[in-house]
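**Student:** this is a predicted model, with the sequence first.
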Amino acid sequence: MHPALATVIEVAIVLCLLAAFWRFRSPLTARGANGMAAGALAAAIAIVLVRQPPASAWAPLAAFAAGMAVGCAVAFAVSMIQIPAMVAFQHGAGGVAAFLVSYVELSRGLGSASAVNSVSGFAGLVIGAGTFSASMLAAAKLANILRGRPTRFPAHGLMLMVLIAALVPLCIGAWTSDGWARHAFLTAMVLDAAVTGLLFAVRIGGADMPVLISFLNASAGLAAAFCGVAVQSRLLMAAGATVASSGSVLTHIMCVGMNRSLLNVLWSGNAPQPKPKPAQARPAGQPPAAAIAGSAPAAQPASPLERAAALLRGAKRVVIVPGYGMALANAQGRVAELARRLEKQGKEVLFAIHPVAGRMPGHMNVLLAEAEVDYEKLREMDEINPMLPEVDAVLIVGACDVVNPAAIGAEGTPISGMPIIRVHEARAVVVCNLDDRPGYSGVENPLYDDPRTVMLLGDAAATMSRLADAAGRA
């Protein structure tokens with residue numbers, strides 16, 4: 001293939017990939033964007049095979065068939081609640097691909113390679129191996145195979161610094177040796193980076209998981225970009241740099257949403273978390289709180305469900321705040337049905353999305369899109385907060401920390417200073433959570449004791465069904 005033609009094709013592939021990223025901004029165009037990105041990557045694979053044909057066609061064909069079979073099987077089997085774990089696993093797959101390619105290139109010899117190519121190969125090896133192990137641990141946490149809370153070992157930071165420092169002599173040893181000695185040094189570098197990734201990820205958990213996921217997205221792209229420099233592939237460099245930059249922007253958005261620096265999240269981890277209090281059983285027949293501000297207790301319906309339904313029926317504007325509990329209960333379909341019933345009654349229904357709600361960036365957006373909620377009804381935190389004082393009712397479904405007023409009024413807690421959705425400024429609040437325990441931060445939520453709050457404790461899917469039926473009655 002003529003070099004000029006190859007360059008034109010590569011530029012077209014990169015532009016197609018960037019256009020797909022642009023179209024991912026809206027669920028209305030995201031499905032087409034997936035097809036566009038897949039087509040761009042298929043074209044990239046094809047041009048690589050044309051320019052550097054393999055000795056045997058059976059090896060790449062067998063790899064394609066195996067990868068497609070596994071990918072399709074996983075895609076059909078994974079439920080929406082497992083999407084965060086799958087995303088973390090995919091980041092790990094990108095990392096392992098980068099470090100394997102870098103390993104092969106470095107093991108071939110460094111004599112003919114430039115210093116830039118060699119250094120990039122070592123960077124791809126280390127970052128790829130660390131991304132792989134950290135992503136696998138993150139996926140295990142998100143899939144509830146491992147405990148989701150942060151884990152810290154004695155001298156945790158010191159161990160990380162020693163492991164990172166040890167990479168320098170191992171790199172020098174690999175650079176200056178050959179044969180089996182080079183393989184030994186490279187293998188030691190992979191193991192060192194993998195252990196570093198595990199120690200790095202194990203102390204991050206709970207509400208910090210969206211930051212970790214977006215950071216691993218960026219690191220997987222960075223490893224691929226370095227790998228592209230090592231193998232002198234412009235396509236791989238461009239694709240990796242695109243993923244790294246988008247992941248970095250997303251990481252910044254997550255940190256702003258938590259009002260914490262990236263260094264604080266990744267190096268310090270979560271602040272020490274107090275043990276959550278046991279769920280408090282309320283005396284039989286005693287209402288948890290007054291439902292409608294300004295109404296006399298004697299005029300209120302008897303049960304919390306009836307009070308919540310009456311509150312929604314009387315509201316003109318309702319804001320729904322989804323959280324991770326909605327994902328766990330797989331209640332997004334019931335929430336969407338309730339919203340549709342309220343809209344049929346002439347009410348305005350909006351959804352408030354906090355940047356770190358859920359366990360991956362955009363988790364709530366994905367769940368609501370699956371439930372066919374109109375994207376135009378979704379509002380970001382900064383957009384919805386000025387509206388809340390004029391909102392008649394807020395419905396919280398499985399969220400705690402992202403609506404906890406303690407982030408504003410209390411000092412010295414893990415969420416102090418974190419921007420929240422200010423539901424406490426609304427005229428009334430309905431909380432549909434599994435229990436009244438604190439969220440992942442371990443900070444008590446004073447909203448639960450607010451006289452304007454109605455507590456509907458239990459499984460969110462069942463609660464939404466009952467609430468939809470009750471609110472739909474005249």
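**Tutor:** Thanks, I have the structure now. These numbers come from a predicted model, not from an experiment.
**Student:** can you list the low-confidence ranges for the stretch 201-350 of the chain?
**Tutor:** Flagging of the stretch 201-350 of the chain using pLDDT under 70 yields the residue ranges 268-302.
**Student:** how many other residues sit next to residue 124?
**Tutor:** 32 (other Cβ atoms under 10 Å). All C-beta spots, glycine's among them, are computed from the backbone N, C-alpha and C.
**Student:** you'd agree it is up against residue 220?
**Tutor:** No: using Cβ atoms under 8 Å, residue 124 is not in contact with residue 220; the gap is 10.8 Å.
**Student:** A helix includes residue 352, no?
**Tutor:** No: applying DSSP: H, G, I helix; E, B strand; the rest coil, one finds residue 352 to be strand, outside a helix.
**Student:** about what we covered before: common neighbours of residue 124 and residue 220, please.
**Tutor:** Contact criterion Cβ atoms under 8 Å, 6 or more residues apart in numbering; residues bridging residue 124 and residue 220 by contacting each: residue 98.
**Student:** select the longest helix from this protein.
**Tutor:** helix 115-142 (DSSP state H).
**Student:** show me the strands in this protein, by range?
**Tutor:** 317-322, 348-353, 378-380, 393-397, 429-432, 453-455 (DSSP state E).
**Student:** what's the nearest residue to the most centrally placed residue in the chain if we skip its chain neighbours?
**Tutor:** Centroid-nearest residue in the chain, with Cα atoms, centre = their mean: residue 360, separated by 1.2 Å. In space, and not counting its chain neighbours, residue 360 is closest to residue 84: 4.0 Å by Cβ to Cβ, 6 or more residues apart in numbering.
**Student:** give me the neighbour count for the one you found.
**Tutor:** The burial count for residue 84: 25, using other Cβ under 10 Å.
**Student:** likewise residue 396?
**Tutor:** Neighbours around residue 396, by other Cβ under 10 Å: 29.
**Student:** and stretch 125-141, average pLDDT?
**Tutor:** Average pLDDT, stretch 125-141: 95.
**Student:** circling back to that earlier point, list the buried residues for the longest helix of the chain?
**Tutor:** Residues of helix 115-142 classed as buried: 117-142 (neighbour count, 16 or more other Cβ atoms under 10 Å).
**Student:** swap in stretch 367-376?
**Tutor:** Applying a neighbour-count criterion of 16+ other Cβ under 10 Å, one finds 367, 368, 369, 371, 373 buried in stretch 367-376.
**Student:** restricted to helices, list the residues you listed.
**Tutor:** Going by DSSP H, the helices hold 367, 368, 369 from the buried residues of stretch 367-376.
**Student:** tell me how far the last one lies from residue 375.
**Tutor:** When distances are taken as Cβ to Cβ, to the nearest Å, residue 369 and residue 375 turn out to be 7 Å apart.
**Student:** what's around residue 205, how many residues?
**Tutor:** Residue 205: 23 neighbours (other Cβ under 10 Å).
**Student:** roughly how far apart are the residue nearest to it when sequence neighbours are not counted and residue 56?
**Tutor:** Nearest non-adjacent residue to residue 205, counting by Cβ to Cβ, 6+ apart: residue 150, 4.4 Å away. Applying Cβ to Cβ, the value for residue 150 to residue 56 is 48 Å.
**Student:** more neighbours: which of the two?
**Tutor:** Taking other Cβ under 10 Å, residue 150 and residue 56 do not tie; residue 150 has more neighbours (20 against 9).
**Student:** what's the local residue count around residue 73?
**Tutor:** 10.
**Student:** the longest helix of the chain packs against which elements?
**Tutor:** helix 83-107, helix 156-176, helix 179-202, helix 209-231 (3 or more Cβ pairs under 8 Å, 6 or more residues apart in numbering; DSSP states H and E).
**Student:** of the ones you listed, which is nearest residue 420?
**Tutor:** Between residue 420 and those, the tightest spacing by Cβ to Cβ is seen for helix 209-231, at 15.1 Å.
**Student:** now for that closest one, which elements pack on it?
**Tutor:** helix 83-107, helix 115-142, helix 234-258.
**Student:** was I right to think the residue nearest to residue 205 contacts residue 204?
**Tutor:** Yes: contact criterion Cβ under 8 Å: residue 150 and residue 204 qualify, at 6.1 Å.
**Student:** and the contacts of stretch 183-201?
**Tutor:** For stretch 183-201, the external contacting residues (Cβ under 8 Å, 6+ apart) are 99, 103, 106-107, 122, 125-135, 137-138, 153, 156, 159-160, 163-164, 166-167, 170-171, 173-174, 177, 212, 266.
**Student:** what about the residue nearest to residue 354 when sequence neighbours are not counted, neighbour count?
**Tutor:** Leaving aside its chain neighbours, residue 354 sits nearest to residue 402 (3.9 Å; criterion: Cβ to Cβ, 6+ apart). By the measure other Cβ under 10 Å, the count of residues near residue 402 is 30.
**Student:** how about residue 164, what does it touch?
**Tutor:** Residue 164 touches residue 196, counting by Cβ under 8 Å, 6+ apart.
**Student:** gap between it and residue 193?
**Tutor:** 9 Å.
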